[in-house]
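Engineer: what follows is a predicted protein model with its sequence.
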Amino acid sequence: MAKKRKNDTRVDPFATALGSSSLDALLDSAKDGDVVEMPAPSDSSRLIRLTCRVIKNEEIQNSTSVYNKNRRVQSLLTEKSVSDIISSIKKDGRNQHPALTWQQDDIEVVLAGSRRRKACLISGADYLVLSSKDFNDEDAKILAVSSDQYIAPSLWELGQAYNDTKQELISLGKKGSYRELAEIEGVSHTAIADALKAYSLIPEKVLSLYPTANYVGREVAKKLALAIDKDAELFNAQVKRLLDGEVEFGDLNDEKAALAITRFLTEQQAEKTVKKANLDFSNQYVVAQRNEKSGDITIKIDNRVMTQKRLEQLSKLLANFN
């Protein structure tokens with residue numbers, strides 16, 4: 001059942017009080033084999049026993065997976081999107097702040113720490129995790145949301161998550177309206193609407209063109225959606241040019257590169273030559289064309305045959321043309 005995910009229910013497991021200490025303090029010296037306990041995110045009266053593990057870099061890909069309700073789209077995680085943590089992880093040879101994983105058979109399911117996982121994979125570092133079999137689905141769902149607090153998922157990723165919640169509500173016989181979603185997610189109706197529209201209208205491959213998906217915020221998403229609606233064929237052609245490396249933007253910083261990409265994708269319609277069909281009047285002095293999209297007709301008459309009398313006759317004809 002879909003439950004409220006107000007901000008005040010989001011759990012930071014690393015700041016949970018444990019007697020006179022906290023997980024943060026314990027994690028400062030966490031090492032392979034250490035065991036700690038934390039209150040379950042979904043029920044503080046239940047304790048979860050966590051074992052500290054170091055997963056070797058070459059084992060990360062096959063022995064870990066990311067929880068399927070994690071709000072980060074893993075295909076959008078790149079070296080650029082984890083640049084804030086990759087340097088220190090590479091230097092230390094591992095992430096110093098452990099991820100939380102749910103041990104399921106031989107797989108460690110990452111509940112919090114998918115960005116750290118990606119950074120470890122890219123940098124060749126080992127992956128430090130706190131693993132437990134004691135988590136349940138409700139714990140996992142709460143942690144999937146709480147782990148977004150440091151760097152929020154992009155508008156598009158939130159749209160995907162909101163759409164999942166919407167489908168869950170519909171399966172329960174509800175409407176899945178903006179109002180219902182806003183109540184559950186703890187955000188405004190507008191935020192829900194903008195995220196859902198971004199997710200439904202903008203292809204995932206478009207986000208991969210940007211330095212990070214977070215550069216596609218509300219205003220950029222609206223511009224992209226408008227360009228798609230205006231001329232999807234042209235928009236997709238421009239996306240392909242960028243994906244194929246046909247167009248590059250030099251050594252621009254991330255912010256300027258994002259602006260350049262948006263301009264390239266959204267301002268091409270103005271530069272596109274309008275398709276026109278020639279109309280044959282069997283007269284070498286008159287050229288006429290019909291705009292295939294609007295249906296408007298343009299007529300060009302050679303000045304050599306446009307006498308003053310003919311101009312007056314044409315003016316009278318057009319003055320009463322309706």
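Structural biologist: In hand now; what should we look at?

Engineer: helix or strand for Ser294, which one?
Structural biologist: Using DSSP states H and E, Ser294 falls within no helix or strand.

Engineer: now do the same contact list for it.
Structural biologist: Residues near Ser294 by C-beta atoms under 8 Å, 6 or more residues apart in numbering: none. Any C-beta I mention is one placed from the backbone N, CA and C, and that applies to glycine too.

Engineer: do you know the pLDDT at the residue lying closest to Leu265 once chain neighbours are set aside?
Structural biologist: Closest residue to Leu265 apart from its sequence neighbours, by C-beta to C-beta, 6 or more residues apart in numbering: Gln238 at 5.4 Å. We have a pLDDT of 94 for Gln238.

Engineer: repeat for Leu209
Structural biologist: Confidence at Leu209, expressed as pLDDT, is 95.

Engineer: please tell me how far it sits from Ala258.
Structural biologist: Distance of Leu209 to Ala258, computed by C-beta to C-beta, to the nearest Å: 9 Å.

Engineer: next, Leu130: secondary structure please.
Structural biologist: Here Leu130 is recorded as strand under DSSP: H, G, I helix; E, B strand; the rest coil.

Engineer: wait, isn't it in contact with Trp102?
Structural biologist: No - under the criterion of C-beta atoms under 8 Å, Leu130 is not in contact with Trp102, lying 10.4 Å apart.

Engineer: which of these two has more residues huddled nearby?
Structural biologist: Shown here are Leu130 and Trp102; by other C-beta atoms under 10 Å, Leu130 has more neighbours (28 against 21).

Engineer: which strand is the longest one in this structure?
Structural biologist: Ordering each strand of the chain by length in residues (DSSP state E) puts strand 43-55 first.

Engineer: now the top helix by length along the chain: mean pLDDT?
Structural biologist: Ranked by number of residues, the top helix in the chain under DSSP state H is helix 155-171. Averaging pLDDT along helix 155-171 gives 94.

Engineer: who does it touch, helix- and strand-wise?
Structural biologist: Packing partners of helix 155-171 (3 or more C-beta pairs under 8 Å, 6 or more residues apart in numbering; DSSP states H and E): helix 178-185, helix 189-201, helix 218-230.

Engineer: could those be laid out in TSV, adding distance to Arg72 and mean neighbour count?
Structural biologist: Listed next are the helices and strands packed on helix 155-171 as TSV, based on distance: least, C-beta to C-beta, whole Å; neighbours: other C-beta atoms under 10 Å:
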stretch	distance to Arg72	mean neighbour count
helix 178-185	16	18
helix 189-201	14	18
helix 218-230	18	17
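
Engineer: point out where this structure drops to low pLDDT.
Structural biologist: Across the chain, the ranges flagged by pLDDT under 70 are 1-30, 147-150, 268-275, 322.

Engineer: what about the helices in it?
Structural biologist: 23-27, 57-63, 83-92, 114-123, 137-146, 155-171, 178-185, 189-201, 204-207, 218-230, 232-243, 254-266, 308-319.
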